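> Model the structure of this input:
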Amino acid sequence: MAGGSFQTNKVALSTLLRACHEGALQLPDFQRSWVWDEDRIKSLIASISRAFPVGALMTLETSGTVNFKPRPVEGAPDVARAAKPDELLLDGQQRMTSLYQVTLRNHVVETVTPKNKRVKRWFYIDILAALDEAAEREEAIIGVPEDRVIRENFAKNVVLDLSTRAREFEALMYPVAMVFDWNRWQMEFVGHANAKGDFAEKWPIISRFHDEVIKNFTDYHVPVISLDKSTSKEAVCLVFEKVNTGGKPLDAFELVTAMYAADGHELRKDWYGDVSTKGRHRRFAETMRPPGQDTGILVNVANTDFLQAISLFHTRDRRREAEAAGKQGKELPAVTGNRQALLSLPLAAYKTYEARVEGGFVRAAKFLNLLHIYRVFDLPYQSQLVPLAAILADIGDAWEHEANRAKLVQWYWNGVFGELYGSAVDSRISRDFMEVPVWLKGGQEPTTISETIFRADRLKTMRMRLSAAYKGVNALLMKEGAQDFRSGQKFDHTIFFGENVDIHHIFPQDWCKKAGVKSDIYDSIINKTPLSYKTNRIIGGAAPSVYLGRLEAGNSDTPAIGRANMDAYLITHLIDPALLRSDDFAQFMADRQKRLLDLIEAAMGKAAYTGGITEEGVDDEQDKDGAEAEMTISAKPAAAPVGLETTT
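All right, here's what the predicted structure looks like:
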């Protein structure tokens, strides 16, 4: 054809990874760098371990009419940099680089946690968990720090030590870096097990693990669409645009829609409506819609979120039936809203719970408005809406009782400030759905509260507007009665939207820059607070002592403000007026950090950690280009495996 030709083949995953290692398969240099987070890597490993499809790749033969500058995947050895590639990877970079990093490269992997911390990780497969048919496979994929030791209680307690091969064997943890080196691992394990005298006990487990998990890696083949070298530049550019911004794959909602259609039910009509019917999506978008706004806080609730909440009820019903039948332990089905549960959701269960769950989401919108969370932009976690709605659907009008509402508020803020709903949240959603209603009736405290600790130093690193905890602080300030510096009005939803309220600097950026204060200090939430647009315009870039004088003096549009009144406004923002008036930035930051910490502790119902042991990883709250620059992994020799002790 005029634009070139292509063919589709299935290629062994090991062959593709080896081509990355040797430089035969490289990237066009304009591709962005590898920045996958820890949970997405775990999900990818889990999919391969179950022989699930992870999508096709697209490559382009080199030495043709299109001559892109190549570069190896991150972490490839020097030999790859010196090699002339046979093909360039147009689509599939993140998947292939992630798999190369965790398997063939055999070097600690740099990645990002759900809390936006850059960390180094080794990945393991928990052998027993992987063989448990009732367990979620992703929970069997374990990430451990660079020293291969997981600690808790601020490094006081060792939870898992895999620092030697012998300890890996004892814990039955298989290193993902050896999925293509089974024979060597097997020989070392046999020697260890014989020395320990437990070979007969453990070998059947190991043999089964090989057949059910490891073989899925070694036998895995990936569909590869290969564009030949005659493909024109226009065709390549069009293809690249399509694979990067084109249509998304079928999601669970579309698949469930197809299944329900066979029974005569129009799921899409339920959600989207038609010319005569307002669908659930529109009803959600209009729920708690503020004056002058097109949509409310529920506008981004996805159809899969709705199905997930229904699935929680359905799977809980199945579990209760199993309990009534006398089943226990692993015989009991899991309560879950994961993708598989959605695909198994019967139409009868959907019809049973759809109205109840819709009511739960509406209550969730009211609940969030009570917390002064009005806009989707200010919602800390979209994913936390699912358990919140399901819990409220479950308890009904009981949420209106003050004691129950106070507990729900505490649970919500622990999820936000514990930063627990960032990614891979299926198990968290299920636990909260099961545990919170029991707690409201006097039962045990949910793990989202009991296992969460806020670190005092986290306030210094909250800089990004997209951070859940950052948004949480802003909402807490408004809930506690913060008053605008200029008008003295509290930020209820009418004032919030009418005055264009947003988060602004207290010590302005221009002043901080002139004073030599670094951006990673003055951009933290400690130096920010909710203010109206008009107030922020008056503040400008002046020193606090100057802009406070302007506000107090007033002008033709704004009446003068008494000094005592101004001090009262500042106090509602947890600001010491004397420190602000003296332009004492350092003392202001220290004082306000303590005041904000008290606010967060009150919301969470527990003391924060103020000790000296720092959190693992390096803060990664920065713009995308900065993240790419710092996440680019320099190539290191990867030919020789990283040695571990094999002593018993």
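> Run through the stretch 301-450 of the chain and note the low-pLDDT ranges.
Along the stretch 301-450 of the chain, no part satisfies pLDDT under 70.
> With the chain instead?
By pLDDT under 70, the weakly predicted segments of the chain are 1-5, 30-32, 34-35, 66, 233-234, 236-251, 493-499, 619-648.
> contacting residues for the closest residue to R50 other than its chain neighbours?
Nearest residue to R50, sequence neighbours excluded (Cβ to Cβ, 6 or more residues apart in numbering): R137, at 5.6 Å. (C-beta placed from N, C-alpha, C; glycine too.) Counting by Cβ atoms under 8 Å, 6 or more residues apart in numbering, R137 touches 46, 49-50, 130.
> R137 and P53: what is the separation?
Per Cβ to Cβ, to the nearest Å, R137 is found 15 Å from P53.
> Filter the contacts of R137 down to the buried ones.
Among these, those classed as buried by neighbour count (16 or more other Cβ atoms under 10 Å) are 46, 49, 130.
> Wait, the last one touches F209, no?
Yes. Under the criterion of Cβ atoms under 8 Å, A130 makes contact with F209 at 6.7 Å.
> Among the contacts of R137, which one sits closest to V425?
In terms of Cβ to Cβ, no member of those lies closer to V425 than A46, at 15.0 Å.
> From I127, how far out is the closest one?
Between A46 and I127 the distance is 14 Å, computed by Cβ to Cβ.
> Which strands or helices does the biggest helix by length in the chain pack on?
Secondary structure of the chain per DSSP state H: the longest helix is helix 347-370. Contacts defined by 3 or more Cβ pairs under 8 Å, 6 or more residues apart in numbering; DSSP states H and E place helix 347-370 against helix 252-261, helix 280-286, helix 303-324, helix 385-395, helix 402-417.
> Can you tell me which of those is nearest to L25?
Shortest distance between L25 and these, using Cβ to Cβ, is found for helix 252-261: 32.2 Å.
> Distance from the helix or strand following that closest one to the middle of the chain?
As assigned by DSSP states H and E, the chain's next helix or strand after helix 252-261 is helix 267-272. On the basis of Cα atoms, centre = their mean, to the nearest Å, helix 267-272 sits 28 Å off its chain's mean C-alpha point.
> List the buried residues of helix 267-272.
Counting neighbours by 16+ other Cβ under 10 Å, helix 267-272 gives 267-268, 270-271 as buried.
> Export that helix to PDB, keeping only CA atoms.
Output of helix 267-272 as PDB, limited to C-alpha atoms (Å, rounded to 0.1, in the frame of the first residue of the first chain):
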ATOM      1  CA  LEU A 267     -27.800  -0.600  30.900                       C
ATOM      2  CA  ARG A 268     -26.600   2.300  28.800                       C
ATOM      3  CA  LYS A 269     -30.000   3.800  28.900                       C
ATOM      4  CA  ASP A 270     -30.000   3.600  32.700                       C
ATOM      5  CA  TRP A 271     -26.800   5.500  32.800                       C
ATOM      6  CA  TYR A 272     -26.900   7.900  29.800                       C
END
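> Packing partners of it?
helix 252-261, helix 280-286.
> Pull the residues that contact the shortest one.
What it means is helix 280-286. 270-273, 294-296, 298-299, 301, 303, 306, 358, 361.
> In TSV, list the buried ones among the contacts of R137 along with distance to E552.
Putting these into TSV (distance: Cβ to Cβ, whole Å) gives the following:
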residue	distance to E552
A46	60
S49	65
A130	67
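> Closest one to G549 out of the residues you listed, please.
For the buried ones among the contacts of R137, the nearest to G549 is A46 (60.1 Å; Cβ to Cβ).
> Give the residue farthest from the middle of this protein.
S556 (48.4 Å; Cα atoms, centre = their mean).
> mind listing what that one touches?
For S556, counting by Cβ under 8 Å, 6+ apart, there are no contacting residues.
> Surely it is within a helix?
No. Applying DSSP: H, G, I helix; E, B strand; the rest coil, one finds S556 to be coil, outside a helix.
> Would you mind measuring from it to R486?
Using Cβ to Cβ, we find S556 at a distance of 14 Å from R486.
> can the contacts of R137 go into CSV with extra columns for distance to S232?
Listed next are the contacts of R137 as CSV, based on distance: Cβ to Cβ, whole Å:
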residue, distance to S232
A46, 39
S49, 40
R50, 39
A130, 46
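> Name the nearest of those relative to M464.
Among the contacts of R137, and counting by Cβ to Cβ, the member closest to M464 is A46, at 28.5 Å.
> so when I look at the closest one, I'm seeing a helix, right?
Yes. Under three-state DSSP, A46 sits within a helix.
> In this structure it contacts E138, no?
Yes. Under the criterion of Cβ under 8 Å, A46 makes contact with E138 at 4.4 Å.
> ok, back up a step: will you turn the helices and strands packed on helix 267-272 into CSV that also has distance to K69 and mean neighbour count?
Listed next are these as CSV, based on distance: least, Cβ to Cβ, whole Å; neighbours: other Cβ atoms under 10 Å:
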stretch, distance to K69, mean neighbour count
helix 252-261, 39, 16
helix 280-286, 45, 18
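> how about CSV for these, with distance to K594 added?
Output for these, formatted as CSV (distance: least, Cβ to Cβ, whole Å):
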stretch, distance to K594
helix 252-261, 46
helix 280-286, 40
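> Which stretches in the stretch 401-550 of the chain count as strands?
Counting by DSSP state E, counting those that start in this stretch, the stretch 401-550 of the chain has strands at residues 502-505, 528-531.
> tell me the most buried of these?
strand 528-531 (a mean of 24; mean count of other Cβ atoms under 10 Å).
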